[in-house]
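Q: Output the structure for:
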Amino acid sequence: MAKSWYGRELQIGVLGGGQLGRMLIQAANSLDIQLHMLDPDPNAPCAHIAYSFESGSLTDYQTVLNFGKNKDLLTVEIENVNTDALRELEKQGVEVYPQPHILELIRDKGLQKQFYLDHQIPTAPFVFYNPGDTIPYDFPYVHKLRTGGYDGKGVQIIKNEAQLVSSFNEPSIIEECVPFEKELSVIVARNKNGQIKSFGLVECEFNPEANLVEFLFSPADVNPNIEKKAKQIASDLIEKLEMVGLLAVELFLTNDGELLVNEIAPRPHNSGHHTIEIARCSQFEQHLRAILNLPLGETQFHSAGAMLNLIGEKGYEGPVLYQGLETILNIPGVHPHLYGKSHTKPFRKMGHVTISADHMDEVRKKAELVKANIKVISKN
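A: Model (predicted):
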């Protein structure tokens, strides 16, 4: 009997057991799909809710090979995994989505940027950089590590020569600092049959101190032509990559009204969490549909929405306490998502809250109320 896409017959493994994997499990349960997770942290958010969980390195060849050898399909919730092992598993008949060569391209910002140039995807001008190289841009410009950066780490705004000298020594790129009006994001999915669907455009607002997304709002406050263009860029990108799965496309809307691709992520993404509450199909269900080559779900929003990241407050480290949680639960349309992390520390992502309402002005009022009333602190 052929293996079905649901139930216990199909063995699906996920590299990574963090909060994205946790929400992926929650979506999988509705389709009677059991997910097997691998993560280096024995107390990862997925550890106690996965169908099976193994603690082990995601970058060790043999560990990944052993984990995947009895699986039918593998996916990821983090890019930094051993792709040599994934290539070998593909040779052995395991399906891997997103494909290993795409993971290798995306986790290297230099290869990402070169791909954009080669395929006429709009992006900010850049050069590859080694210490001592001549830089063709005026200050300020952006210095980015090619690999290893995440959540704003590995990115510095360089305003003078002294800052450049004290910046990264590892392989990197220098990017022209393009004035922009908004930071936007589109989540797009593609299945093996080539069907493509995008969610509505998201507008991101950052916490300048933590360099993390603090709020996101959707639909974004932009001209409808901008949204149409952003979705087209995202569709072109995932099609040119020939990628199977879910892709987050982060963009700048410049002061001149142009859209430039900043970075991409080949997995469920922070900028898609609101889809759990306000879309007809969440990004997590959509990812499962894509990698299983099922018809993609409807992406329309049935309300306006926002998401607030819950990050650890400065000055607190230890067993976590969500101060004000009961207060925000009194607000209609507010949905907390806690990631199951037992300990907090400054700026650590501990959860998020989605807010929904009929109109964006109401969403924004509720979002500010939530922000004012909940704090992630420690019990001691």
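Q: rest of the way, CA atoms for contacts and neighbours
A: Will do.
Q: ok, the most centrally placed residue in the chain to Met23 distance?
A: Computing the C-alpha centroid of the chain and ranking residues by C-alpha atoms, centre = their mean puts His269 first, at 2.4 Å. Going from His269 to Met23 by C-alpha to C-alpha, to the nearest Å gives 11 Å.
Q: Mind jotting down where the helices sit in the stretch 1-150 of the chain?
A: 19-30, 61-68, 83-91, 100-106, 109-118 (DSSP state H, counting those that start in this stretch).
Q: Please list the outside residues in contact with stretch 149-162.
A: 139-145, 148, 164, 167-168, 211-212 (C-alpha atoms under 8 Å, 6 or more residues apart in numbering).
Q: For this protein, which residues score under the pLDDT cut-off?
A: In the prediction, the chain carries residues with pLDDT under 70 at positions 1-8, 150-152, 208-212.
Q: By residue count, tell me the biggest helix in it.
A: The residue-count maximum for a helix in the chain (DSSP state H) belongs to helix 224-241.
Q: before we move on, the earlier item: and the helices of the stretch 1-150 of the chain: which comes nearest Ser235?
A: Among the helices of the stretch 1-150 of the chain, the nearest to Ser235 by C-alpha to C-alpha is helix 109-118 (13.4 Å).
Q: Can you name every helix or strand that the closest one contacts?
A: helix 100-106, strand 172-176 (3 or more C-alpha pairs under 8 Å, 6 or more residues apart in numbering; DSSP states H and E).
Q: could I get that helix in PDB with only the CA atoms?
A: C-alpha atoms of helix 109-118 as PDB (Å, rounded to 0.1, in the frame of the first residue of the first chain):
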ATOM      1  CA  LYS A 109      24.200  36.400   2.200                       C
ATOM      2  CA  GLY A 110      26.800  36.800  -0.500                       C
ATOM      3  CA  LEU A 111      25.400  34.000  -2.600                       C
ATOM      4  CA  GLN A 112      21.900  35.300  -1.900                       C
ATOM      5  CA  LYS A 113      22.800  38.700  -3.200                       C
ATOM      6  CA  GLN A 114      24.600  37.300  -6.300                       C
ATOM      7  CA  PHE A 115      21.500  35.200  -7.000                       C
ATOM      8  CA  TYR A 116      19.400  38.400  -7.000                       C
ATOM      9  CA  LEU A 117      21.700  40.100  -9.500                       C
ATOM     10  CA  ASP A 118      21.900  37.000 -11.800                       C
END
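Q: Measure how it sits relative to helix 224-241, angle-wise.
A: Computed by axes from the mean of the first three to the mean of the last three C-alpha atoms, to 10 degrees, the angle separating helix 109-118 from helix 224-241 equals 110 degrees.
Q: What residues sit buried inside helix 109-118?
A: 109-116 (16 or more other C-alpha atoms under 10 Å).
Q: just stretch 235-244 next, same as before
A: For stretch 235-244, the neighbour count (16+ other C-alpha under 10 Å) marks 235-239, 242-244 as buried.
Q: Now do the same for Ser185: helix, strand or coil?
A: Following DSSP: H, G, I helix; E, B strand; the rest coil, Ser185 is assigned to strand.
Q: contacting residues for it?
A: 201-204, 248-251, 271.
Q: Just the buried residues out of those residues, in ChimeraX syntax.
A: With 16+ other C-alpha under 10 Å as the criterion, this ChimeraX line picks the buried residues out of those:
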select :201,202,203,204,248,249,250,251,271
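Q: Now, the contacts of Ser185 that are in strands?
A: Among those, the members falling in strands are 202-204, 248-251 (criterion: DSSP state E).
Q: Looking at these, which is nearest Pro346?
A: Cys204 (21.1 Å).
Q: if I look at the closest one, how far off is Ser271?
A: Applying C-alpha to C-alpha, the value for Cys204 to Ser271 is 8 Å.
Q: Give the residues shared as contacts by the two.
A: 185, 216.
Q: I'd guessed Ala50 sits against Ile25; true?
A: Yes - in this structure, Ala50 is within contact of Ile25 by C-alpha atoms under 8 Å, at 6.7 Å.
Q: who touches both of these two?
A: In contact with both Ala50 and Ile25: 34-35, using C-alpha under 8 Å, 6+ apart.
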